[in-house]
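K.L.:
Whatever this is, show me its structure:
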Amino acid sequence: MESISFEDIKELFPEYKDYKKYGAIAAMTFDEDVLEEAEEYLKIN
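P.N.:
Numbering: from 1, shown residues only. Next comes the predicted model:
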């Protein structure tokens with residue numbers, strides 16, 4: 001996957017060049033037993 005920079009966005013979407021830009025990174029993790037329970041629940045329902 002190729003990444004783009006905030007500067008690239010100004011070129012790709014010039015209508016947004018004067019907007020403030022914010023970035024974020026997010027992630028979620030689950031314990032293995034929670035994943036197993038979810039899989040069981042999905043099999044039943």
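K.L.:
Tell me which residue is most central in the protein.
P.N.:
What sits nearest the mean C-alpha location of the chain, by Cα atoms, centre = their mean, is Ala26, with 6.4 Å.
K.L.:
for it, what are its contacts?
P.N.:
By Cβ atoms under 8 Å, 6 or more residues apart in numbering, no residues touch Ala26. (Glycine included, C-beta is placed from N, CA and C.)
K.L.:
and it, which of the three is it?
P.N.:
Assigned with DSSP: H, G, I helix; E, B strand; the rest coil, Ala26 falls in the coil class.
K.L.:
Could you count how many residues lie near Asp8?
P.N.:
By other Cβ atoms under 10 Å, 10 other residues sit near Asp8.
K.L.:
Over to it: give its phi and psi.
P.N.:
Dihedral pair for Asp8: phi -60, psi -40, per degrees, to the nearest 10.
K.L.:
ok, it to Lys21 distance?
P.N.:
As judged by Cβ to Cβ, to the nearest Å, Asp8 and Lys21 stand 11 Å apart.
K.L.:
Can you pull out the low-pLDDT segments for the protein?
P.N.:
Residues of the chain meeting the criterion pLDDT under 70: 1.
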